[in-house]
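> A predicted structure for the sequence below; I have some questions about it.
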Amino acid sequence: MKDSDNQSSSPAATSRRNFVKTTAVAGAVLSANTTVARAQASTAANSLINVALIGCGAQGEKQVESVIGRSPVAGLNFVAVCDIQKTSRDSKAKLIAKYQAKNKGGNVTVRDEYGKIAQYEDHMEMLETEGDNIDAVLIASPDFMHHVQTRASLEAGKAVYCEKMMSNTLEGCRDMVRAQRETDGILQIGHQRRSNPRYSALRDGLVFGEEAFGRITHAYGQWNGSTTSGKVSVPKKKKLWLSEELLNKYGFGDPNLTHEQLMYRFKNWRFFRKFGGGVVSDLGAHQIDIFNWMFGTTPTSVMAAGGVDYFPDSELYDNVMSIYEYDTPKGISRGYYQVLTTTSALGFFERFMGDKGTVSISEIPTTNQAYPEASADWDGLVAKGLLKRNDPEVKFNPWDIPKTWGSKPKPWLASTKAGQADSRATKALGAWELSTELDEMPHTPHLRNFFDVVRSGKKEDLNCNVQTAFETAVTILKIYESAESGQKAMFSPEDFVA
């Protein structure tokens, strides 16, 4: 509910009823389409887009920082935030007010100003109360609420940007596809690598355009996180706990659990089947999505293994390894993916290997190298601005040149010393650099793409529409079928039709 109001309502029980009552329309589809058209016309006429945020946790903060913080997108005005936890609402409202004051050239020392950002506990009440005050909604709530809040927002005539995964269930994913079709609204899913200029240049310029790596036969991706990733302890101060009544109201209740156990599930929702999809959904969603994008198709099968190896309270695997097969126009290709929570060693990246070269890429700038095979001729790609060659350092002064005289001959058995390769080792390939760089936060280009479409109304310009995201969701959630059965799981074309 709005913080200044004593009334409340359950989103699960009253979402559709309240919407129909408030709009007083019998034909929901016709009304939604009319509302969407009106909102798009209004947005096109005015440069300012009024935005609301649903979900004030870490991901919601990342969205805010990506568009009005370190990497501002012009013409945005946040008007409301929604979260069932008041402390989260307060902190995000204050953060938003601070950023907006700074961007407008005002005083960045925010005290009471954050009260101007309307705060709500219930997303339906926010949509009904704010009405035409909101043009676009950013959704960063737990996965199991995505389809509920997306449908409600689309039916209210709002453009929607929803974080990945679409949902923790295929039923929820399908409902989001149907909601977009029924309302003809704008819906972007947060697989942000698809808007990253470095990834776009790799895919469109090097993989498909120049075919610089030849036939891509293998892909590899990983996300290794520390032992604390995804595990959030329950706040020690009970005054920070949500009441059992509130937890029950918003779907986190269970009569068989203590209050502390309920709070643990609320804070660690990703590990519970009812609320999330586990680490392979939370972390792997971005990278497995890139497998589909780079191969230009969906997989034909997956073989996976995983387990609850580290967090005994988890209902979903905390470590997963999987192998996908893709039937591409050039032949069979395979993609291997792993997500680990027991070590952060080697971090996260994606790698694509072909018969003419290999490339490693990541959202962080340190992992963006390409390695040509002897048969590859990449010199022309430098002139086209697609690659940079790492030339050896030039020595200009005599004293910079390493001394070669006076050294003793190496023993004839030197090659057998520990740590030295034998004759079977292959000479390392020379590293080239990807030329395209990203000088802003990784989420910003994807959110900017969304807001550009909100202004233009051209849904075909979305970089990750709901159908594309649905195909990725099917690809990821199939991992559990394989891992739990111990058998290879097969995909059919019908699986990817919502």
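It's in. Residues are numbered from 1 along each chain as shown.
> for the stretch 1-150 of the chain, give me the ranges with low pLDDT.
Scanning the stretch 1-150 of the chain for pLDDT under 70 picks out 1-46, 106-115.
> just the strands from the stretch 151-300 of the chain, written as ranges.
Taking DSSP state E, counting those that start in this stretch as the test, the strands found in the stretch 151-300 of the chain are 159-162, 187-189, 216-224.
> and the shortest one, which strands flank it?
Yep, that's strand 187-189 we're talking about. strand 159-162 (parallel) (DSSP bridges).
> any idea of the mean pLDDT in the partner strand?
Regarding strand 159-162, the rounded mean pLDDT is 98.
> follow-up on the earlier one: relative to residue 376, which of the strands of the stretch 151-300 of the chain is closest?
Residue 376 lies closest, by CB to CB, to one member of the strands of the stretch 151-300 of the chain: strand 216-224, at 13.4 Å. Just so you know, the C-beta spots here come from the backbone N, C-alpha and C atoms, and that holds for glycine as well.
> ok, back up a step: and of the strands of the stretch 151-300 of the chain, who's closest to residue 172?
Nearest to residue 172, of all the strands of the stretch 151-300 of the chain, is strand 159-162, at 11.0 Å by CB to CB.
> most neighbours per residue, which of the strands of the stretch 151-300 of the chain?
strand 187-189 (a mean of 30; mean count of other CB atoms under 10 Å).
> related to what we said a few turns ago, for residue 253, find the nearest of the strands of the stretch 151-300 of the chain.
Nearest of the strands of the stretch 151-300 of the chain (CB to CB): strand 159-162, 24.4 Å.
> count the residues that sit near the closest residue to residue 147 other than its chain neighbours.
Closest residue to residue 147 in three dimensions, ignoring its sequence neighbours and counting by CB to CB, 6 or more residues apart in numbering: residue 172, at 3.9 Å. The number of residues packed near residue 172 is 20, by other CB atoms under 10 Å.
> ok, residue 194 - contacts?
200, 289, 293, 446, 463, 464, 468 (CB atoms under 8 Å, 6 or more residues apart in numbering).
> now these as a markdown table including distance to residue 208?
Converted to a markdown table, the contacts of residue 194 look like this (distance: CB to CB, whole Å):
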| residue | distance to residue 208 |
| --- | --- |
| 200 | 11 |
| 289 | 17 |
| 293 | 10 |
| 446 | 20 |
| 463 | 16 |
| 464 | 18 |
| 468 | 16 |
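> closest one to residue 98 out of those, please.
Closest to residue 98 out of these is residue 446 (23.5 Å), distances taken as CB to CB.
> which of the strands of the stretch 151-300 of the chain sits closest to residue 205?
Judged by CB to CB, the one of the strands of the stretch 151-300 of the chain that comes nearest to residue 205 is strand 216-224, at 14.3 Å.
> ok so, going back, any idea which of the strands of the stretch 151-300 of the chain gets closest to residue 248?
Nearest of the strands of the stretch 151-300 of the chain to residue 248, taken as CB to CB: strand 159-162 at 25.0 Å.
> how much space separates the nearest residue to residue 207 once chain neighbours are set aside from residue 102?
Take residue 207 and drop its neighbours on the chain: the residue closest to it by CB to CB, 6+ apart is residue 294, 5.9 Å away. Going from residue 294 to residue 102 by CB to CB, to the nearest Å gives 38 Å.
> with neighbour numbers in mind, choose between the two.
Each of residue 294 and residue 102 has its neighbours counted (other CB under 10 Å); residue 294 has more, 22 against 15.
> number of residues surrounding residue 245?
Residue 245: 9 neighbours (other CB under 10 Å).
> who's in contact with the residue most central in space within the chain?
The chain has residue 191 as the residue nearest its centroid, 4.3 Å off, counting by CA atoms, centre = their mean. Listed by CB under 8 Å, 6+ apart, the contact partners of residue 191 are 164, 285, 286, 289, 446, 464, 468, 469, 472.
> what residues are up against the first one?
Read it as residue 164. Going by CB under 8 Å, 6+ apart, residue 164 touches 189, 190, 191, 285, 286, 289, 469, 472.
> possible to save those as TSV with pLDDT and distance to residue 433?
Output for these, formatted as TSV (pLDDT from 0 to 100; distance: CB to CB, whole Å):
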residue	pLDDT	distance to residue 433
189	98	30
190	98	28
191	98	25
285	92	27
286	94	22
289	97	24
469	98	31
472	98	28
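> Serialize those residues to a markdown table and add fields for distance to residue 327.
What follows is the contacts of residue 164, written out as a markdown table (distance: CB to CB, whole Å):
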| residue | distance to residue 327 |
| --- | --- |
| 189 | 25 |
| 190 | 28 |
| 191 | 22 |
| 285 | 22 |
| 286 | 23 |
| 289 | 18 |
| 469 | 22 |
| 472 | 18 |
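> where do the helices sit along the stretch 1-150 of the chain?
11-23, 28-45, 58-64, 86-103, 123-130, 146-155 (DSSP state H, counting those that start in this stretch).
> hmm, back to that, now the contacts of residue 191 as TSV including distance to residue 370?
Formatted as TSV, these follow (distance: CB to CB, whole Å):
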residue	distance to residue 370
164	27
285	25
286	21
289	21
446	24
464	25
468	26
469	28
472	25
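> closest to residue 272 out of the residues you listed?
The shortest approach to residue 272 among these belongs to residue 285, at 17.1 Å (CB to CB).
> isn't the closest one right next to residue 475, touching?
No. Look at residue 285 against residue 475 with CB atoms under 8 Å: they stay out of range, at 9.3 Å.
> and the two? Which one has more around it.
residue 285 (28 against 24).
> any idea what sits nearest the more buried one, other than its immediate chain neighbours?
Ranked by CB to CB, 6+ apart and with sequence neighbours excluded, the top spatial neighbour of residue 285 is residue 164, at 4.6 Å.
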